[in-house]
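# next comes the sequence, and after it the predicted model I'd like to discuss.
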Amino acid sequence: MVILQEGQVYKIITDKTQKSMTFYITYVDRLKDEVFVKVFSPFSLYEGFRISTIENKTLKEIIDFEKIKNFYFENIPFSIKNKIGKLLYQKENHPICIVKNKINDFFEKYDKFEFQNPMVSVRNNFDNLLIPQNHPGRKESDTFYSENKFLVLRTHTTAHQTELLKKKITKFIVTGDVYRRDTIDASHFPVFHQVEGVNVLGSVSDKVVIEHLKDTLSGLIKHLFGNDVKYRFIDEYFPFTNPSFEVVVEYHGIEMEVLGSGVIHKDIMKNCGLEGQNGWAFGMGLERLAMIFFDIPDIRYFWSEDPRCLSQFKAGEFTKFQPYSKYPSAIRDISMWITEGFEDNYFFDLVRDLSENLVEEVSLTDSFTNPKTNRSSKTFRIKFRSIDKTLTGEEIDKILNEIKQELINKDYEIR
Ligand code: PHE
């Protein structure tokens, strides 16, 4: 018997693998007579497991590790959890909602759906969409899983496609928040928003569907960017559509991908009880559009609760954003020895968790392996800049030290 304590490191022999694993306990929670423990493997930053079935449940902090049978895999950091349920796309004066409404206006005759809970089954997000097991989108370093990888924070709004098709809902728009681990810079955030469209046209040929899809999307692009917009379709690949296309729009001389689309895969139609029917689907991100239409320079503004930001937007209006000020930035480097299984995304998560959006950008500036010792090192450059205030050196160093301390807790050696 061992007394569990937060912040302690324990060794556990698991039933499943018979392997000994070292875990770092991040919290112990007691609810009635159940004990919940969240543990992290120090060797890969966000491999977290929640032990939620413990045979020897007691109100005390004593757990018999020999009897632990179930480890529940979860890798959703705190900085992500506290974004769930913000529902930016339903706040009528928020730029994301304003863009959503503009798109919905175009799809007047389509059924509209907004599923507020972003936690969906792995089956709906991946399996039913024919996304193969080894697809990079399924990687734990890219995707947030819960409940032993039965649930996932949807990585795209396509996650709702088969559910609706099975109910014979065949002409619809779905909007929602989607989640992907990502780099830290002005245009990437691990939570963003997508709009999905589906239209099943009946037992018609692919040619008819493609033509209808291209006509519809051309209309949408003009509705959003104006009639003079320059755009083109390029061939793409998605496991759930065939053929697939991307739309690239030229904006201020720069080409950018604005949406993915295609003819819904025949196997999906069949699995949804729509054999012989044919239709199209598209999916489009909202942040990038909103950044263009409102002149928003940094994706973090969408999450700002500063009235100087929020008060600038009004339902139905596409006004240009006036940054209230550009505050000074400060650069700090962290160099560390990494171990096998380390992914840059884990470092980005840690920075997001501990910096509360005070970091504008993180870049990998150096990486090498010592040929003698075979140890690998990485150096990350962190650019601190708040969108709301000037940061003091003290504030910055406090965050920096917390990041370093967390790395040390997880057994990484800072150089
Ligand atoms: N789900 C795709 C993405 O997130 C977009 C897409 C939707 C592509 C529907 C084809 C059909 O990139």
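Thanks, I have it.

# so what's the residue in the chain positioned nearest to the ligand up against?
Closest to the ligand within the chain is residue 283: 2.8 Å, counting by Cβ to the nearest ligand atom. All C-beta atoms are positioned from the backbone trio N, CA, C, and that covers glycine. Residue 283 sits next to 156, 157, 158, 194, 195, 196, 197, 259, 260, 261 when contact means Cβ atoms under 8 Å, 6 or more residues apart in numbering.

# same thing but 10 Å
Residue 283 is in contact with 156-158, 161, 174, 178, 194-198, 238, 240-241, 259-262, counting by Cβ atoms under 10 Å, 6 or more residues apart in numbering.

# and the helices in the stretch 301-415 of the chain?
Assigned by DSSP state H, counting those that start in this stretch, the stretch 301-415 of the chain shows helices spanning 307-310, 344-355, 393-409.

# which residues of the stretch 301-415 of the chain fall in strands?
Listed in chain order, the strands of the stretch 301-415 of the chain (DSSP state E, counting those that start in this stretch) span 330-338, 359-369, 376-384, 413-414.

# which one of the helices of the stretch 301-415 of the chain is the most hemmed in?
Ranked by mean neighbour count under mean count of other Cβ atoms under 10 Å, these are led by helix 344-355, which reaches a mean of 21.

# now do the SS call for residue 284.
strand (DSSP: H, G, I helix; E, B strand; the rest coil).

# run a quick neighbour tally on it.
Residue 284 has 23 neighbours, counted by other Cβ atoms under 10 Å.

# tell me the SS of the nearest residue to the residue of the chain closest to the ligand once chain neighbours are set aside?
Nearest in space to residue 283, with sequence neighbours left out and distances taken as Cβ to Cβ, 6 or more residues apart in numbering, is residue 196 at 4.8 Å. Three-state secondary structure (criterion: three-state DSSP) places residue 196 in strand.

# near residue 196, how many other residues are there?
If we define neighbours as other Cβ under 10 Å, then residue 196 has 23 of them.

# how about stretch 198-211 and the ligand, any contact?
No - against the ligand, stretch 198-211 shows no contacts by Cβ under 6 Å from any ligand atom, the least distance being 7.9 Å.

# not counting sequence-adjacent ones, nearest residue to residue 293?
According to Cβ to Cβ, 6+ apart, the nearest residue to residue 293 is residue 318 (5.1 Å).

# stretch 277-292 spans what distance, first to last residue?
37 Å (Cα to Cα, to the nearest Å).

# quick one: average pLDDT of it?
Across stretch 277-292, the average pLDDT comes to 97.

# how far out from the middle of the chain is the lengthiest helix in the chain?
Of all segments of type helix in the chain, defined using DSSP state H, the longest is helix 206-225. Relative to the chain's own centre, helix 206-225 is displaced by 28 Å; criterion: Cα atoms, centre = their mean, to the nearest Å.

# just checking, what packs against it?
helix 95-106, strand 191-202, strand 230-238, strand 241-251, strand 254-264, strand 278-285, helix 287-294 (3 or more Cβ pairs under 10 Å, 6 or more residues apart in numbering; DSSP states H and E).

# buried deepest among the ones you listed, which one?
Scoring those by mean count of other Cβ under 10 Å, the most buried comes out as strand 278-285, with a mean of 23.

# okay, the angle between that one and strand 230-238?
110 degrees (axes from the mean of the first three to the mean of the last three Cα atoms, to 10 degrees).

# ok now strand 278-285, how far from the chain's centre?
With Cα atoms, centre = their mean, you get 20 Å for strand 278-285.

# and the angle for it with helix 206-225?
30 degrees.

# could we number from 30 for the rest of this?
Right, with 30 as the first residue, what we last looked at is strand 307-314.

# taking helix 124-135 as reference, get the angle to strand 307-314.
Orientation of strand 307-314 against helix 124-135 (the same axes, to 10 degrees) gives an angle of 150 degrees.

# now do strand 307-314 against strand 220-231, angle only.
Going by the same axes, to 10 degrees, strand 307-314 makes 170 degrees with strand 220-231.

# quick one on the thing from earlier: tell me which of the strands of the stretch 330-444 of the chain is the most buried.
strand 405-413 (a mean of 18).

# adjacent strands (with direction) for that strand?
Partners of strand 405-413 in the sheet, by DSSP bridges, are strand 359-367 (antiparallel), strand 388-398 (antiparallel).

# can you list those strands in a markdown table and add mean pLDDT and distance to residue 353?
Below are the strands paired with strand 405-413 laid out as a markdown table (pLDDT from 0 to 100; distance: least, Cβ to Cβ, whole Å):
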| stretch | mean pLDDT | distance to residue 353 |
| --- | --- | --- |
| strand 359-367 | 96 | 19 |
| strand 388-398 | 95 | 16 |
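
# residue 128 is nearest to which of the ones you listed?
Among the strands paired with strand 405-413, strand 388-398 comes nearest to residue 128, with 23.2 Å by Cβ to Cβ.

# residues in contact with the closest one?
Residues contacting strand 388-398 (Cβ under 10 Å, 6+ apart): 212-215, 217, 327, 329, 356, 358, 360-364, 367, 373, 376-377, 379-381, 384, 404-416, 425, 428, 432.
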